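Student: The following comprises the amino acid sequence and a computationally predicted model.
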Amino acid sequence: SYRKGGYHAVRVGDPFAGGRYVAQKKLGWGQFSTVWLAYDTQTSKYVALKIQKSAALFAQAALHEIEVLSAIADGDPSNSRCVVQLMDHFKHVGPNGQHLCMVLEFLGDSLLRLIKYNRYKGLELNKVREICRCILVGLDYLHRELGIIHTDLKPENILLANTIDPAKDPIRSGASPILERPEGNPYTGVTMSLIEKKLKRRARRAAAKISGRRSSMGGAAPKPERSMEGIDVQCKIVDFGNTCWADKPVAEEIQTRQYRAPEVILQSGYSFSVDMWSFACTAFELATGDMMFAPKGGQGFGEDEDHLALMMELLGKIPRKIATGGARSKDFFDKYGDLKRIRRLKFWPLDQLLMDKYKFSETDAREFAEFLTPILDFAPEKRPTAQQCLQHPWLTMRKQSAHNETSNDSNVRTVEARVRSLQIKVGK
Ligand code: ATP
Ligand code: MG
Ligand code: MG
């Protein structure tokens with residue numbers, strides 16, 4: 001991918017925007033871009049620099065993302081609405097072409113990494129509540145004030161806000177920012193590997209703090225420190241490359257497989273409520289460590305049909321009118337609203353699943369299921385809005401959670417499903 005039209009190869013110490021930003025460390029990458037921690041020499045702060053691939057298609061996508069992010073930033077000058085803030089953008093010419101670059105506020109680990117650091121065991125319910133509240137604040141802002149559908153909400157696209165002041169000490173190593181390219185190979189240089197190690201350790205510590213569980217590496221439970229108490233789990237929604245304005249026609253196939261709403265599979269049209277579906281899937285995953293739906297194609301049936309079957313096993317049968325009402329309904333359903341190839345469903349209602357498989361107490365299971373079930377209504381227009389969800393009692397309660405810590409045996413499956421989800425994304 002590091003060729004004409006593709007990624008821009010960055011090395012530690014590389015200058016951008018006439019020297020204003022200096023590359024420090026790679027933070028992540030996606031289908032469209034690489035993202036670097038950069039030092040802003042003008043403000044002496046750290047930022048995230050998203051460097052888009054250069055081909056026309058990617059440039060176009062970046063322009064769209066910049067347009068959306070600008071609207072987001074304009075509408076939220078105090079940067080308090082749980083959505084990532086765009087600070088600047090510019091073009092950068094390199095050997096592979098011209099790359100659009102976005103300067104974003106520097107955020108922390110994704111919720112996916114948080115789940116992973118927690119060994120896929122699920123977070124304490126009070127933390128899930130806090131994270132859910134943040135996501136809903138963000139969605140409410142996007143939906144109601146900006147008219148934007150995110151269309152790719154999932155744990156990977158929600159990043160923890162850095163709880164320490166990133167302007168002062170993002171790496172917590174005491175190391176000062178790198179201002180020019182170090183001698184030798186920057187990827188194996190001593191300085192970087194030390195910083196890498198510290199960053200990793202910090203991420204693990206932060207994850208352990210937030211999950212309120214055992215550190216996934218240490219073994220011993222982290223000692224309660226003053227700084228841990230009432231740690232405000234803040235997170236922000238990122239990745240607006242696939243976002244659409246609700247009033248403009250857009251792609252038919254949206255969302256990452258496991259977080260995809262039924263109306264998208266059936267092609268019956270969609271609106272803001274597709275994000276609500278993904279939100280519910282994300283909340284479930286935070287609480288259990290497992291994806292809510294991880295469909296697999298099988299003998300004689302495809303992934304879509306398996307997905308619909310899984311939905312019905314958990315949520316009950318799709319009403320016939322909805323099942324048969326989409327442009328693709330005939331691919332999956334007969335005229336009675338029964339799946340064509342998967343004839344026998346094993347119903348396992350959500351509250352029961354939470355108790356049986358994830359060892360929730362009866363009350364926790366019932367309350368969490370009562371919160372999620374309306375959001376997973378097969379009729380999109382019946383789903384509560386983000387604003388309505390924010391009023392739900394489940395979000396405002398805080399209590400001693402009885403959520404059991406015993407490990408479950410589905411970790412391997414989850415990892416496999418992740419890999420699959422990645423493959424699907426890459427192939428999309
Ligand atoms: P995708 O294929 O998911 O659309 P993309 O090329 O659009 O990818 P993003 O998802 O925006 O890229 O970012 C890629 C990764 O970079 C993220 O998953 C995250 O790890 C990291 N990242 C993105 N934005 C930030 C940020 N503001 N602060 C810190 N890390 C970030
Ligand atoms: Mg992404
Ligand atoms: Mg993207």
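Tutor: The structure has been received and is ready for your questions. Numbering: from 1, shown residues only. Ligands and ions are numbered 1, 2, ... in the order given.
Student: Just the pLDDT at the closest residue to K91 other than its chain neighbours, thanks.
Tutor: For K91, ignoring the flanking residues on the chain, the nearest one in space by CB to CB, 6 or more residues apart in numbering is Q98 at 5.5 Å. Glycine gets a C-beta too; all of them are placed from N, C-alpha and C. Looking at Q98, its pLDDT reads 96.
Student: repeat for A221
Tutor: With respect to pLDDT, A221 has a value of 36.
Student: ditto for Q352
Tutor: For Q352, pLDDT reads 98.
Student: Am I right that it is in a helix?
Tutor: Yes - counting by DSSP: H, G, I helix; E, B strand; the rest coil, Q352 is found in a helix.
Student: ok, which stretches of the stretch 301-428 of the chain are helices?
Tutor: Per DSSP state H, counting those that start in this stretch, the stretch 301-428 of the chain has helices spanning 303-315, 320-323, 329-332, 350-356, 362-372, 386-389, 393-396, 411-427. These are given in chain order.
Student: Of all those helices, which one is nearest ligand 1?
Tutor: helix 411-427 (6.5 Å; CB to the nearest ligand atom).
Student: returning to that earlier point: which stretch among the helices of the stretch 301-428 of the chain comes nearest ligand 2?
Tutor: Ligand 2 sits nearest to helix 411-427 of all the helices of the stretch 301-428 of the chain, at 8.9 Å, using CB to the ion.
Student: what would the helices of the stretch 301-428 of the chain look like in a markdown table with mean neighbour count?
Tutor: Conversion of the helices of the stretch 301-428 of the chain to a markdown table gives the following (neighbours: other CB atoms under 10 Å):
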| stretch | mean neighbour count |
| --- | --- |
| helix 303-315 | 20 |
| helix 320-323 | 17 |
| helix 329-332 | 17 |
| helix 350-356 | 18 |
| helix 362-372 | 18 |
| helix 386-389 | 19 |
| helix 393-396 | 13 |
| helix 411-427 | 13 |
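Student: okay if I get those as CSV plus distance to ligand 3?
Tutor: Below are the helices of the stretch 301-428 of the chain laid out as CSV (distance: least, CB to the ion, whole Å):
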stretch, distance to ligand 3
helix 303-315, 22
helix 320-323, 30
helix 329-332, 28
helix 350-356, 30
helix 362-372, 26
helix 386-389, 21
helix 393-396, 28
helix 411-427, 10
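Student: what residues are up against G269?
Tutor: Going by CB atoms under 8 Å, 6 or more residues apart in numbering, G269 touches E263.
Student: Distance check, S110 against ligand 1.
Tutor: 6 Å (CB to the nearest ligand atom, to the nearest Å).
Student: hang on, that residue packs against N157?
Tutor: Yes - S110 lies in contact with N157 (CB atoms under 8 Å); the separation is 7.2 Å.
Student: Give me the secondary structure label for A23.
Tutor: The assignment at A23 comes out as strand when based on three-state DSSP.
Student: ok, which residues in the stretch 151-300 of the chain are in contact with ligand 1?
Tutor: Counting by CB under 6 Å from any ligand atom, the residues of the stretch 151-300 of the chain close to ligand 1 are 156, 159, 238-239, 241.
Student: which of the residues you listed has the most neighbours?
Tutor: The residue in those with the most neighbours, by other CB atoms under 10 Å, is L159 (28 neighbours).
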